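A.B. asks: Fold the following and give me the result.
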Amino acid sequence: MSRRSPFVIELDEEDRRRLESLARKQTAELRMVVRAQIVLAAADGEENVRIAGRLGLALNTVIKWRKRFWEEGMDGLADRKRSGRPRTFSPSSESGSEIAGL
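C.D. replies: Now for the predicted structure:
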């Protein structure tokens, strides 16, 4: 049983070009590449379940980013500010040994 998303993605040429560039970019953050891939697949008419399976993601992740892009466009793909104090690490923790408890 297939269920279509109510968040139909239609891309203009500029957004498609930017998303395709981001999806191919080797130096981009992985989370941004994945978000671009989700939106591109959605714009091509792919269903959420299929996108999630193909990209190895949870269905809720695909739904979240598809909806966010539908509501906010390209700006919706950026991380939102988080509440609370940002984590800080001392200079000696740069190796990660303090983080891992080693």
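
A.B. asks: rest of the way, CA atoms for contacts and neighbours
C.D. replies: Fine.

A.B. asks: ok, the residue most central in space within the chain to residue 87 distance?
C.D. replies: The centroid of the chain falls nearest to residue 35 when counting by Cα atoms, centre = their mean (2.5 Å). Distance, residue 35 to residue 87, using Cα to Cα, to the nearest Å: 24 Å.

A.B. asks: All the helices of this structure, residue numbers only.
C.D. replies: 13-24, 30-43, 48-55, 59-72 (DSSP state H).

A.B. asks: on that earlier part again, wait, isn't the residue nearest to the centre of the chain in contact with residue 76?
C.D. replies: No. Contact between residue 35 and residue 76 fails when scored by Cα atoms under 8 Å: they sit 10.0 Å apart.

A.B. asks: any residues in contact with both of those two?
C.D. replies: residue 65 (Cα atoms under 8 Å, 6 or more residues apart in numbering).

A.B. asks: if I look at the spatially closest residue to residue 15 that is not a sequence neighbour, how far off is residue 90?
C.D. replies: In space, and not counting its chain neighbours, residue 15 is closest to residue 74: 7.4 Å by Cα to Cα, 6 or more residues apart in numbering. Applying Cα to Cα, the value for residue 74 to residue 90 is 35 Å.
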